[in-house]
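**Student:** Give the three-dimensional model of this entry:
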Amino acid sequence: MIGLKTARATHHGRGSYGVVVVGAGAAGMMCAAIAARRGRRVLLIEHYHLIGEKIRISGGGRCNFTNINASPANFLSQNPEFCRSALARYTPRDFIDLVERYGIAWHEKKLGQLFCDNTAQDIISMLVTECDRADVEWRMPCNVTDIVRDNNGFDVATSTGTVRAESLVIATGGLTVPKIGATPFGYRIAEQFGLSVIAPRPALVPLACDTATLARYGDLAGVSLDAEVSCNGGRFRENLLFTHRGLSGPAILQISSYWNGREPIHIDLLPDRDGAAWLRAEHASSARLHAVLGQHLPKRFAQQWSEAQDATQPMSRLSDARVQALGVSLNDWPLLPSGTLGYNKAEVTLGGVDTRELSSKTM
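**Tutor:** The predicted structure is shown next:
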């Protein structure tokens, strides 16, 4: 099966390569294939027994392989210009053209996201074939045990022997999903060669809630709603999902990259409606608050939220000030998460090698 490769015995021991790439994920395979097409002898080393595992699980198993709207403005960074050169030299359209040359069927979901019609294995197979057609050599499973640099290149010691590299590429990725092989290897190598590493943390990750919050809203697990979530300058309108442990869904995954662990996130439950004006218009109603909220929000959520606000009486019995406050809360509901669900559930790693110490033109 493509996606499972073994080291070729003829490549064991000392050898000399134009490029050695460590890490056979999406970036590593793409880099290896392009370098080999440019005439370099390339060795691709992977410590895990499978390749492209993060590709395989991405997009719910269908791989959201690019976004047609990708631009530097979409990247969260202390060095926001860093990605500009890479995005200008290799655009989403370039990758779409590659996908289409392989006859891989795809479709667009909302917000410009492109997914395979079949499975993520199509993308893995494509990248493996690109490497094989360019005569990239593979070594896996194989651990890099030491790297020594001199004026002419690198000696890369591995569990299957030492190789020589004129150029060395570390493409080992971040810390997310350790059960499929993620390690801090790349950060250790960066520090070994004097590069600064910004403390990594999980991102695009579900948020956890404390016991008190779960007691109020834990019964809502599985309920989703359209919401706009904001925090520290980030603002995203997508689905929000309640879980047994807290909050998830696209809006929460996005805002998790902006949440620093100290302040609440702010949730607009009615992004298309002025909550205060709406409730004032309903003030004379004999209906209870949860019934009114249920006109525009999931009924289970409306019930739980009303109880949590201690506002279960009929609308007509609420004071003007109370109605106003409840309406404001509908558009700005502060909620303080207790943490994230960590690297096991995160999709990406925030932080890492300081891009201010790298050349954007060679990335």
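**Student:** these two touch, right, C131 and A33?
**Tutor:** Yes: proximity of C131 to A33 meets the contact threshold set by Cβ atoms under 8 Å, at 4.8 Å. For every residue, glycine as well, the C-beta is placed using N, CA and C.
**Student:** Next, the buried residues of stretch 278-295.
**Tutor:** Across stretch 278-295, burial judged by 16 or more other Cβ atoms under 10 Å covers W278, L279, E282, H283, R288, L289, H290, A291, V292, L293, G294.
**Student:** Likewise for stretch 201-221?
**Tutor:** Buried residues in stretch 201-221 (16+ other Cβ under 10 Å): 201-209, 213-214, 217-218, 220.
**Student:** And those, which is the shakiest by pLDDT?
**Tutor:** Across those, the member with the lowest pLDDT is G218, scoring 85.
**Student:** Can you tell me how far that one is from T211?
**Tutor:** 9 Å (Cβ to Cβ, to the nearest Å).
**Student:** Then Q192?
**Tutor:** Q192 is 43 Å from T211, by Cβ to Cβ.
**Student:** per-residue pLDDT, S77?
**Tutor:** Listed pLDDT for S77 reads 87.
**Student:** Grab the nearest non-local neighbour of it.
**Tutor:** Once flanking residues are discounted, S77 sits nearest to T355: 6.6 Å by Cβ to Cβ, 6 or more residues apart in numbering.
**Student:** Now do the contacts for that neighbour.
**Tutor:** S77, Q78, N79, F82 (Cβ atoms under 8 Å, 6 or more residues apart in numbering).
**Student:** domain parsing for this structure?
**Tutor:** The chain is divided into the following domains under automatic domain parsing: 9-199+352-362, 207-340.
**Student:** Nearest to A346 among these would be which one?
**Tutor:** Proximity to A346, assessed across the domains of the chain by Cβ to Cβ, is greatest for domain 9-199+352-362 (4.5 Å).
**Student:** starting at the chain centroid, how far to that closest one?
**Tutor:** Mean C-alpha position of domain 9-199+352-362 versus that of the full chain (Cα atoms, centre = their mean, to the nearest Å) differs by 16 Å.
**Student:** what's the answer for stretch 350-362, then?
**Tutor:** Put simply, stretch 350-362 sits 18 Å off its chain's centre (Cα atoms, centre = their mean).
**Student:** Alpha carbons of that stretch, in PDB - could you do that?
**Tutor:** Only the C-alpha atoms of stretch 350-362 are listed here, as PDB (Å, rounded to 0.1, in the frame of the first residue of the first chain):
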ATOM      1  CA  LEU A 350       1.700  27.700  17.700                       C
ATOM      2  CA  GLY A 351       5.200  29.100  18.300                       C
ATOM      3  CA  GLY A 352       8.400  27.200  17.300                       C
ATOM      4  CA  VAL A 353      11.400  28.400  15.400                       C
ATOM      5  CA  ASP A 354      11.600  32.200  15.400                       C
ATOM      6  CA  THR A 355      11.000  33.100  11.700                       C
ATOM      7  CA  ARG A 356      13.000  36.300  12.200                       C
ATOM      8  CA  GLU A 357      16.100  34.200  12.200                       C
ATOM      9  CA  LEU A 358      15.200  32.400   9.000                       C
ATOM     10  CA  SER A 359      15.400  33.500   5.300                       C
ATOM     11  CA  SER A 360      11.900  33.800   3.900                       C
ATOM     12  CA  LYS A 361      13.300  33.600   0.400                       C
ATOM     13  CA  THR A 362      14.600  30.000   0.900                       C
END
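**Student:** From the buried residues of stretch 278-295, pick the one nearest W259.
**Tutor:** L293 (26.1 Å).
**Student:** Please, which helix or strand holds the nearest residue to that closest one once chain neighbours are set aside?
**Tutor:** The shortest distance from L293 to any non-neighbouring residue, by Cβ to Cβ, 6+ apart, is to A302 (3.6 Å). Secondary structure assignment for A302, by DSSP states H and E: helix 299-308.
**Student:** Would you map the helices across the stretch 51-200 of the chain?
**Tutor:** In the stretch 51-200 of the chain, the segments counted as helices under DSSP state H, counting those that start in this stretch are 53-57, 84-89, 92-101, 121-133, 185-192.
**Student:** quick one, which of these is nearest to G234?
**Tutor:** Set against G234 and scored by Cβ to Cβ, the helices of the stretch 51-200 of the chain come closest in helix 84-89, at 20.3 Å.
**Student:** So what touches the closest one?
**Tutor:** If you take Cβ under 8 Å, 6+ apart as the criterion, helix 84-89 is touched by A70, S71, P72, S360, K361, M363.
**Student:** Could you check how far the first one is from H47?
**Tutor:** Here the criterion is Cβ to Cβ. By it, A70 lies 29 Å from H47.
**Student:** So for those two, which residue has more residues nearby?
**Tutor:** Set A70 next to H47 and count neighbours by other Cβ atoms under 10 Å: H47 wins out with 19 against 15.
**Student:** OK, contacts around that one?
**Tutor:** By Cβ under 8 Å, 6+ apart, H47 lies in contact with M140, P141, C142, N143, V144, G181, T183, F185.
**Student:** Mind checking which of those are in strands?
**Tutor:** V144 (DSSP state E).
**Student:** List only those of the contacts of H47 flagged as buried.
**Tutor:** Buried members of the contacts of H47, scored by 16+ other Cβ under 10 Å, are M140, P141, C142, N143, V144, G181, F185.
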